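J.: Here is a sequence together with a model predicted from it:
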Amino acid sequence: MIRKSFACLAVLGALTLGSCGSSSKNAAEYNNSIITVINENESHIANMNSAMTSADYAKAETVRAEWEKALTADIKKVEDLGDFNGDGEFQKAVVDGLKGYQKIVTDAYPKLIEIRKNNVEDPATETKLLDDINKAFEDAANNVNKASDAFEAKYNK
């Protein structure tokens with residue numbers, strides 16, 4: 001149901017910057033700190049997919065509520081990391097991506113859970129919600145990947 005968009009970024013970013021020389025060590029540590037925060041969402045995605053697939057909508061709502069709290073904490077973690085030596089582009093892209101996730105978790109998922117829980121026959125709305133969810137995840141991932149590539153190009157020396 002949901003694409004795991006950040007997974008490629010996490011592996012690529014950690015491997016690429018993790019192998020940098022000593023002059024980029026701080027960049028690698030900064031990147032890895034951000035990637036760790038992003039990766040924390042993978043378990044929420046898997047839990048949501050599992051709950052929705054098994055039609056356990058009470059669990060889906062619990063997962064959604066926990067994910068919403070976690071996203072608030074994740075956004076704060078990335079904001080607290082600050083920029084990287086005056087360069088805030090990567091940080092901003094990640095915060096924006098997490099806020100995109102947050103919008104999905106607070107707006108789209110409650111509606112989708114409600115439709116499915118109540119067996120509402122509204123395929124158009126359900127399809128639109130699913131499309132919106134997938135597009136938001138894809139857009140967030142694309143923006144983070146672009147910012148990550150730019151960060152890597154600047155600091156992988």
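T.: Perfect, I can see it now.
J.: Could you list the low-confidence segments of the protein?
T.: Counting by pLDDT under 70, the low-confidence segments of the chain come to 1-25.
J.: Quick one: the strands in it, in order.
T.: For the chain, no strands are identified by DSSP state E.
J.: residue ranges of the helices in the protein, please?
T.: 6-18, 25-53, 57-81, 89-103, 109-117, 123-155 (DSSP state H).
J.: any idea of the angle the last one forms with helix 25-53?
T.: Angle between the axes of helix 123-155 and helix 25-53 is 170 degrees (criterion: axes from the mean of the first three to the mean of the last three C-alpha atoms, to 10 degrees).
J.: Show me what helix 123-155 is packed against.
T.: Under the contact definition 3 or more C-beta pairs under 8 Å, 6 or more residues apart in numbering; DSSP states H and E, helix 123-155 sits against helix 6-18, helix 25-53, helix 89-103, helix 109-117. C-betas here are computed from N, CA, C, even on glycine.
J.: residues of the second one that come out buried?
T.: The one in question is helix 25-53. Neighbour-count burial for helix 25-53, counted by 16 or more other C-beta atoms under 10 Å, picks out 27-28, 30-31, 34-35, 37-38, 40-41, 44-45, 47-48, 51-52.
J.: That helix vs helix 57-81, what angle?
T.: Counting by the same axes, to 10 degrees, helix 25-53 points 170 degrees away from the direction of helix 57-81.
J.: Now do helix 25-53: distance to the chain's middle.
T.: Centroid displacement of helix 25-53 relative to its chain, using C-alpha atoms, centre = their mean, to the nearest Å, is 7 Å.
J.: Likewise for the last one?
T.: Mean C-alpha position of helix 109-117 versus that of the full chain (C-alpha atoms, centre = their mean) differs by 21 Å.
J.: Understood, closing this out.
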